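Student: Return a 3D structure for these sequence lines:
(one chain, ligands or ions: 2)
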Amino acid sequence: MAYSVAVVGAAGRMGALATRLIAASDDFTVHARIGSADPIEAIDGADLVLDLTVPAVSPEVVEAAVTRGIPVLVGTSGWTAERLAKVRTRVDGLDGAAVIVIPNFSLGSVLATRLATIAAGFFDSIEIIEAHHAGKSDSPSGTAIRTAELIAEARAERGPVSAPHADQRARGQQVASVPVHSLRMDGILAEQEVVFGGTGETLRIRHQTVSDASYEAGILLALRALPTTRGLVVGLDSLLGLDRLLGLDRL
Ligand SMILES: NC(=O)C1=CN([C@@H]2O[C@H](COP(=O)(O)OP(=O)(O)OC[C@H]3O[C@@H](n4cnc5c(N)ncnc54)[C@H](OP(=O)(O)O)[C@@H]3O)[C@@H](O)[C@H]2O)C=CC1
Ligand SMILES: O=C(O)C1=N[C@H](C(=O)O)C[C@H](O)C1
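Tutor: Ligands and ions are numbered 1, 2, ... in the order given. Coordinates of the predicted model:
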């Protein structure tokens, strides 16, 4: 059986990429290509919804899908821990509700973030530098927000990172205590570096996206997981079973 997918944000860069992937696959069909001029009711009758819009619109798309009992995959950025908590409250225990939020569909990015959470407990001086194409309207990036929040979670016992002079604007925006510095410029697609400062040493975990093709496998993996998902799932790492692969589920 092929699942029909309503793509919201279909004319955008990511929406167009996902629509092409869906149309070329054996297990999905395109139910509707929805843009900002279309009514959200265009998702009616779809088996699945894929949201690739803008942070201001994404929660409305999720709510529209949840209300109709249609599982929804979110690739849009802007999903802070606070936003995710609201969705979790909304869908927990709600029959048939399924929401997957993937801050970054690329395997390398997910692994880099995971490596950063491992290092997080060993250093107090931690900052994130992220760089994206000039067309990206939101900052910090969704990936940086997620990375900073996971770093803070991993350091729960150790406490906030050390961020001296954080009141000065040039010191970046603190997310869960971690300073994040955002570059928006020509010549770059998407990059992130997490810098760890220790006694007489620096560790840098850097990921670079050189082509949107890096997102393709993650999009299909998440779409394939959607029909059997219940409740809220966040991050490609959950779908890849990274904890199991690392033996962390046995701790
Ligand atoms: N998770 C991941 O791995 C990745 C996530 N992203 C994120 O995905 C999102 C989209 O990125 P990108 O494709 O580059 O952005 P674009 O600006 O190219 O596309 C955004 C699209 O959203 C649509 N849109 C805006 N408002 C609405 C609305 N009310 N209803 C329906 N559609 C709407 C626009 O439609 P219209 O043209 O009709 O105005 C536009 O086509 C961003 O948040 C970005 O950060 C990006 C890359 C990877
Ligand atoms: O807008 C982009 O391009 C990207 N957005 C996502 C983000 O905000 O983290 C994912 C990736 O960084 C590319």
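
Student: so residue 74 touches residue 105, yeah?
Tutor: No. Counting by C-beta atoms under 8 Å, residue 74 stays clear of residue 105, with 11.0 Å between them. Where you see a C-beta, it was placed from the backbone N, CA and C, and this is true even at glycine.

Student: Which one's more surrounded, those two?
Tutor: Between residue 74 and residue 105, counted using other C-beta atoms under 10 Å, the more crowded position is residue 74 (29 against 24).

Student: Now do the same contact list for the most centrally placed residue in the chain.
Tutor: The chain has residue 103 as the residue nearest its centroid, 0.5 Å off, counting by C-alpha atoms, centre = their mean. When contacts are counted by C-beta atoms under 8 Å, 6 or more residues apart in numbering, residue 103 is found next to 77, 79, 142, 143, 145, 146, 234, 235.

Student: For the last one, grab the count of nearby residues.
Tutor: The number of residues packed near residue 235 is 19, by other C-beta under 10 Å.

Student: isn't it right up against residue 146?
Tutor: Yes. Checked against C-beta under 8 Å, the pair residue 235 and residue 146 is within contact range at 7.1 Å.

Student: Name the nearest residue to the residue in the stretch 101-250 of the chain that ligand 1 sits nearest to, ignoring sequence neighbours.
Tutor: Sorted by distance to ligand 1 under C-beta to the nearest ligand atom, the residues of the stretch 101-250 of the chain start with residue 105, at 3.6 Å. With C-beta to C-beta, 6 or more residues apart in numbering as the measure, residue 218 is the residue that lies nearest to residue 105, at 3.1 Å, once sequence neighbours are left out.

Student: What are the buried residues along the helix or strand of the chain with the lowest mean pLDDT?
Tutor: Lowest mean confidence among the helices and strands of the chain (mean pLDDT, DSSP states H and E): helix 242-246, at a mean of 79. Of the residues in helix 242-246, those buried under the neighbour-count criterion (16 or more other C-beta atoms under 10 Å) are residue 242.

Student: ok now it, how far from the chain's centre?
Tutor: Once both centres are worked out by C-alpha atoms, centre = their mean, to the nearest Å, helix 242-246 turns out to sit 19 Å from its chain's centre.

Student: Mind listing residues that contact it?
Tutor: Counting contacts by C-beta under 8 Å, 6+ apart, the residues outside helix 242-246 that touch it are 110, 114, 237, 248, 249.

Student: among those, which ones are buried?
Tutor: Burial by neighbour count, 16+ other C-beta under 10 Å: within the contacts of helix 242-246 this picks out 110, 114, 237.

Student: how about the last one, what does it touch?
Tutor: This means residue 237. Residues in contact with residue 237, defined by C-beta under 8 Å, 6+ apart, are 110, 113, 114, 243.

Student: what's the most distant pair in those residues?
Tutor: For the contacts of residue 237, with distances taken as C-beta to C-beta, the pair at the greatest spread is 113 and 243 (13.4 Å).

Student: Next one: residue 205 from residue 17, what distance?
Tutor: Distance, residue 205 to residue 17, by C-beta to C-beta, to the nearest Å: 26 Å.

Student: Please apply the same query to residue 32.
Tutor: Computed with C-beta to C-beta, the distance linking residue 32 and residue 17 is 17 Å.

Student: try residue 28
Tutor: Using C-beta to C-beta, residue 28 is found at 14 Å from residue 17.

Student: of these two, who's got more company?
Tutor: Neighbours per residue (other C-beta under 10 Å) separate residue 28 from residue 17, with residue 28 holding more: 21 against 18.
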